[in-house]
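S.K.: Structure, please.
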Amino acid sequence: MLTCFLFLHLGVAALGWVPARYDVAAAALRRLSERIPIVEAALLVLVAAQTAVGICLLIRSGLGYRSSRCKDDGQLRYFLQRWSAMLLLGFLALHLVMFKLWPGEPSFTNVSHCFTLGGNPFLIAFYIVALSGIAFHAANGLWTGASVWGKRDGYPRLWLGIAGASGAMIAFLGFAALRAFAG
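M.R.: Numbering: from 1, shown residues only. Prediction:
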């Protein structure tokens, strides 16, 4: 569910290459969220639930490389999943502060102004690292979830393709949006 939201969110943001289209799409999404507030509430509940589960896993496993939860071939992915989760939480906090609490409508000009903030290169660098981590976290989460639920059995290449394509698409849309707004 959260990955689907990410595709929609980044897809709209990638429209920043054509500012007029972005303004129309962002306004439509704003109106939709105002008319159907349960969508935003459900998204917040999903994020809170996933965060709570993630924190429980972090408390149990820590942030170290070695974990008894994985065989040797999954150690690196599990390690990176936990670290990308920490990065994702920091990114989400910054992103919400920047865009939810920022005054004004989500127009191309307002969003572009948020990104430039006086040409702060650290903000752009943080977004690049965060987008990479988010793409990995989503792709690895799909791959791991398919394994846990037994859906990968008999179709590992299919699930690897789905997970890899999802991560690549998230990265592509995210970097396209960043380039459109950060110039």
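
S.K.: The helix or strand hosting residue 133: how far from the chain's middle?
M.R.: Residue 133 is part of helix 121-148 when elements are defined by DSSP states H and E. Remark: helix 121-148 is offset 6 Å from the chain centroid, using C-alpha atoms, centre = their mean, to the nearest Å.

S.K.: name the helices or strands packed onto the first helix or strand past that helix going along the chain?
M.R.: Sequence-wise, the next helix or strand downstream of helix 121-148 (DSSP H and E) is helix 156-182. Secondary-structure packing of helix 156-182 (3 or more C-beta pairs under 8 Å, 6 or more residues apart in numbering; DSSP states H and E): helix 2-14, helix 108-116, helix 121-148. Heads up, the C-betas are built off the backbone N, CA and C, glycines and all.

S.K.: Tell me which residues of helix 156-182 come out buried.
M.R.: 159, 162-163, 166-167, 169-171, 173-178, 180-182 (16 or more other C-beta atoms under 10 Å).

S.K.: Work out which residue lies at the spatial centre of the protein.
M.R.: Centroid-nearest residue in the chain, with C-alpha atoms, centre = their mean: residue 134, separated by 4.6 Å.

S.K.: No further queries at this time; thank you.
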